[in-house]
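[1] curious how this folds, go ahead:
(2 chains)
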Amino acid sequence: MESPIPETVKLISSDGFDFVIDRRCALAAGTIKNMLSSPGQFTESVQNEIHFRDIKAVVLERVCKYLYYRAKYQNHTGELPEFKIEPELAFEVLMAADFLDC
Amino acid sequence: MSAAVRKSKQGLIIKPVKKATTNDIAFRETWQKLSQAITEIYRKNNSQLSYEELYRSAYNLVLQKNGSALYNGVRDDITTHLTRLTGEKLTPVFPHDGSLAAERAEFLRVLVRDVWNHHVVCMGMIRDILMYMDRVYVKAATPPVPLVYDLGMDLFRDHVLHSTSLTITMSGRVVDSMLELIRLERSGESVDRIALKGVADMMHKLESGGYGDVPNGSVYEADFEKAFLVRSGEAYDVEAEAYLAEVDAVEYLKKVERRLAEEEQRTRHYLIPITAPKILKVVQRSMLERHVVRILSMPNSGLLAQLRDLKFDDLIRMYDLMGLVGNGHVEMRKMLSDYVKESIREVNETYGPGTDTATPSNSDLTARAQTGMQSGGSSSSKSQSFNAENKGKDRDLETAGDDEEEGEAGQRSGGAQGVGGTRRTGDPLRWVENILALKTKFDSILARAFSKDRAFQTDINGAFERGINQNPKAPEFLSLFLDDNLRKGIKGKTEAEVEVLLDQTITLFRFIQEKDVFERYYKGHLAKRLLLGKSLSEDAEKSTVGKLKAECGYQFTTKLEGMFNDMRISTDLSSDFRSFLNNLSATGLPEFTVNVLTSTFWPMGTSVPPAIQLPIEIQSLMQRFKEFYMTRHSGRRLTWLTTMGSFDLRAHFEKGRKDINLSTAATSVLVVVFNRPDACDGQAVPYSRIRDETGIPDGELRRTLQSLSLGKYRVLLKSAKGREILDDDEFRLNVAFSSPLNKIRILNILPSGGAPTVAATGNSVEDDKERRETLEKVEQARIHQIEACVVRVMKARKSMEHNALVNEVVSQLKGRFLPSSQMVKKRIESLIEREYLDRAPGDRKVYNYLA
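    The predicted structure is shown next:
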């Protein structure tokens, strides 16, 4: 393991798009968190990138946006702005959310 | 996904076989991957695995309703890996019964490091990749199953610790290895604490029951702790026996202390803290509780020896340790209390009154009132005490008891201390001093060693109370002690020192049950101090009375204060009388001092002493005083207590002038009978004439003549030899009397005719006869007090049940003495006879008050 923990992490969609996002935001997803910080070292934490073979770029983009949205409003009190999801993506985003535990 | 669900609902009936088949194949492929991954994890090859892939696989399996197959597959895999690990790692180092400590430690190290820790790491990873299974399948499973991590722990317990593949269970071996290492450490060897700690922690993390069972604590508690406590108990039982046979109580307790500290540290360093109270209890039970009495009663080192030698550090340790076990302090208190009692008993035996009764008494002595002096020739001066009786005596029952007071002050044995018979009458001063020393000793032990434990204090005090009251003369001794101190003991002491002394004495006073007896003696002693002017410090006297008042209330001390008052008034009265005489220009009279005492305050009583013929000068002075007094207080009755007085005579002998201090009777003999020309010429006077002329009763006259003719200073000469005065003896004035001293004092002789003693002015122990009289008077007074108390209570309550009344009376009188219920009952009966009370018509147990 590289001694300084990298500040970002790369998420790769099933159709080959890379999303480099802030590591702390990414850890909000339980699955990602486990991948990167499980007591054992898996390839993901060694390479600091995660290949999602079941998630397409359009969906992964929504996921990344959601993770940032969540990080931004985590400690927010009062009215939350709506997080928009296109109806045609809704089902797949929901599946991804269940998979990622976020 | 909802589409898929719908599909399966339809397919459930139409094409189940096909569905199952595709599903089955897919499952097998995916599961293969996962199973392989678990193997890689156990081989520590995890960094080549893709988490995403494995997670997705498990995710898909769960989604496809293969959760239970996945769960079971995982369980079987883990079991296989654990069994393999056990075989590979543990079997080679598995210790046998005779294994050395190092081998056992190695075994434990391997167990923790290579099996347990590894397993934990693997399980962490397995849990992570199967997170979705935990989240979705396990949560909903029926019957419930543990999360995969907990499953891993249970499997470890069942297949490693409790594996039965070996001759002895792994857990049994683990535990006995630990116990062996602990045993070695106890005997002073150093062992691998880290290995022990690892095993203990491991066991603590494992639930002993497994799912489905009622949780019954960790494997640590079930497998290890139980055995640990039992074995430790056995070991300490043996150790206790061995030590007890070997070392003394002090060393033993030090060892116990060390053992307790060690065990406490052990639980902190490498066991689990929950064991601490349990193992300490075991050590306490084995080493202390079973041997309490044996430890405490060890000769030369047990409690008694420590108390005797004031080993405060040892006592503190003993107190602390014994406090840990239930019966420890109880036994300690019992022994302490016995020891206190025994100590007091020793003092009682050494300095207290003997138990035998036939005591020759050295009593005699007349209390002297103030002594005046001076007039020419062989004339005399005299001082006089007398009672002015108060008019309108209170006839109320509540004060009736006071009438009984009669003085024993007038008759007191002289200087008993140190002069023969100490053994019999006891030595009041030494007795009190020794008791005080004991009290101080136990107070300091209590404060320094027993942290002022209330229960200990109560026991010590109880023992003191019983011990002190076992000396029947304790009240008298205490009063004598105060008397001695107030007369001379406090000389040269600072006020603060005197205070301390008085306070200490008062603490002893508190223990005395018969406070009324003490009061009687104290009054007698005080009377003598006042009348003889022997009191050193009025402040100290007042302070003592003040303290008694604080202890027992004002009733206890009103009479004492009255006595002080009488003395003050008498001083004024005497000087007034002197100026009265001067105004009459009556000169050349002997100096004359009178103390007027209120009879109810003073212990002399009202009985009129025999009319002794007094010198004519004195008689006229007495007459004048009476007239003088009556002009001031008409209607009072004065009774002269001539025997309480004393005289200073100036006698002119052939060889010079002597000032002689004498009793009233002796003065009467010398002045009335012998102070005339023919006697001065040496003419003999027969006994019968002396008796007739002086009017002194036989017994006293004989004693008086003995003191004058057979004592140290022989002013009279007896005709016949012999120590007894016979009726036909004759006496002559010893005109040739000489003495190197100018002032001499002729003291009366013992009534029993023993050697003439120093009939000191001091107070001393009463002889048996006097004591009987005193106690009789006390008994009388008590009768009145009980009756008064009964009437008081009944007056307030009007009607009362027998037992309640008795209890009330006892509790009210407790401060002064302890009446027996028998006594109270008698008094009640007497009051019924005299119609103060009657029995309720319906219930004979209830009394009514009759107004």
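[2] on contacts alone, who are the packing partners of the lengthiest helix in chain A?
    The longest helix of chain A (DSSP state H) is helix A:57-73. When contacts are defined as 3 or more Cβ pairs under 8 Å, 6 or more residues apart in numbering or on different chains; DSSP states H and E, helix A:57-73 sits against strand A:8-12, strand A:18-22, helix A:23-26, helix A:87-100. No exception for glycine: its C-beta is placed from N, CA and C like everyone else's.
[3] dump the next helix or strand after the third one to PDB, restricted to CA.
    Secondary structure here is assigned by DSSP states H and E; on that basis, the next helix or strand after helix A:23-26 toward the C-terminus is helix A:30-37. Taking Å, rounded to 0.1, in the frame of the first residue of the first chain, the C-alpha atoms of helix A:30-37 are listed here in PDB:
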ATOM      1  CA  GLY A  30     -20.700   0.800   1.700                       C
ATOM      2  CA  THR A  31     -19.500  -1.500  -1.000                       C
ATOM      3  CA  ILE A  32     -16.900   0.900  -2.200                       C
ATOM      4  CA  LYS A  33     -15.800   1.400   1.300                       C
ATOM      5  CA  ASN A  34     -15.300  -2.300   1.900                       C
ATOM      6  CA  MET A  35     -13.500  -2.700  -1.300                       C
ATOM      7  CA  LEU A  36     -11.000  -0.100  -0.400                       C
ATOM      8  CA  SER A  37     -10.600  -0.700   3.300                       C
END
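[4] could I get the average pLDDT for helix A:30-37?
    Per-residue pLDDT over helix A:30-37 has a mean of 82.
[5] output the contacting helices and strands for that helix.
    When contacts are defined as 3+ Cβ pairs under 8 Å, 6+ apart, helix A:30-37 sits against strand A:8-12, helix A:23-26, helix A:43-47, strand A:49-51, helix A:87-100, helix B:51-63, helix B:117-129, helix B:131-132.
[6] same list (these) but as JSON lines, adding mean neighbour count, mean pLDDT and distance to B:Glu289.
    Shown next, in JSON lines, are those (neighbours: other Cβ atoms under 10 Å in any protein chain shown; pLDDT from 0 to 100; distance: least, Cβ to Cβ, whole Å):
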{"stretch": "strand A:8-12", "mean neighbour count": "20", "mean pLDDT": "89", "distance to B:Glu289": "64"}
{"stretch": "helix A:23-26", "mean neighbour count": "18", "mean pLDDT": "86", "distance to B:Glu289": "60"}
{"stretch": "helix A:43-47", "mean neighbour count": "18", "mean pLDDT": "80", "distance to B:Glu289": "58"}
{"stretch": "strand A:49-51", "mean neighbour count": "19", "mean pLDDT": "86", "distance to B:Glu289": "65"}
{"stretch": "helix A:87-100", "mean neighbour count": "15", "mean pLDDT": "87", "distance to B:Glu289": "62"}
{"stretch": "helix B:51-63", "mean neighbour count": "23", "mean pLDDT": "86", "distance to B:Glu289": "58"}
{"stretch": "helix B:117-129", "mean neighbour count": "21", "mean pLDDT": "87", "distance to B:Glu289": "41"}
{"stretch": "helix B:131-132", "mean neighbour count": "22", "mean pLDDT": "86", "distance to B:Glu289": "53"}
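[7] do you know which of these lies nearest B:Lys281?
    Ranking the helices and strands packed on helix A:30-37 by their distance to B:Lys281 (criterion: Cβ to Cβ) puts helix B:117-129 first, at 32.6 Å.
[8] B:Leu90 reaches B:Val112, doesn't it?
    No - B:Leu90 is not in contact with B:Val112 according to Cβ atoms under 8 Å; the separation is 11.0 Å.
[9] near chain B, which residues of chain A?
    Residues of chain A found near chain B (Cβ under 8 Å from any Cβ of the partner chain) are A:30-31, A:34-35, A:38-46, A:50-54, A:91, A:95, A:99, A:101.
[10] spell out which parts of the stretch 551-700 of chain B neighbour chain A.
    Going by Cβ under 8 Å from any Cβ, none of the residues of the stretch 551-700 of chain B are near chain A.
[11] ok, back up a step: tell me the angle the longest helix of chain A makes with helix A:30-37.
    Helix A:57-73 and helix A:30-37 are oriented at 90 degrees to each other (axes from the mean of the first three to the mean of the last three Cα atoms, to 10 degrees).
[12] columns distance to B:Glu29 on top of the helices and strands packed on helix A:30-37, output as a markdown table?
    Formatted as a markdown table, the helices and strands packed on helix A:30-37 follow (distance: least, Cβ to Cβ, whole Å):
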| stretch | distance to B:Glu29 |
| --- | --- |
| strand A:8-12 | 24 |
| helix A:23-26 | 30 |
| helix A:43-47 | 20 |
| strand A:49-51 | 20 |
| helix A:87-100 | 20 |
| helix B:51-63 | 9 |
| helix B:117-129 | 17 |
| helix B:131-132 | 18 |
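[13] wait, which of these is closest to B:Leu438?
    Taking Cβ to Cβ, helix B:117-129 is the member of these nearest to B:Leu438, at 66.2 Å.
[14] so what sits against both of B:Leu90 and B:Val112?
    When contacts are counted by Cβ atoms under 8 Å, 6 or more residues apart in numbering or on different chains, B:Leu90 and B:Val112 have no shared neighbour.
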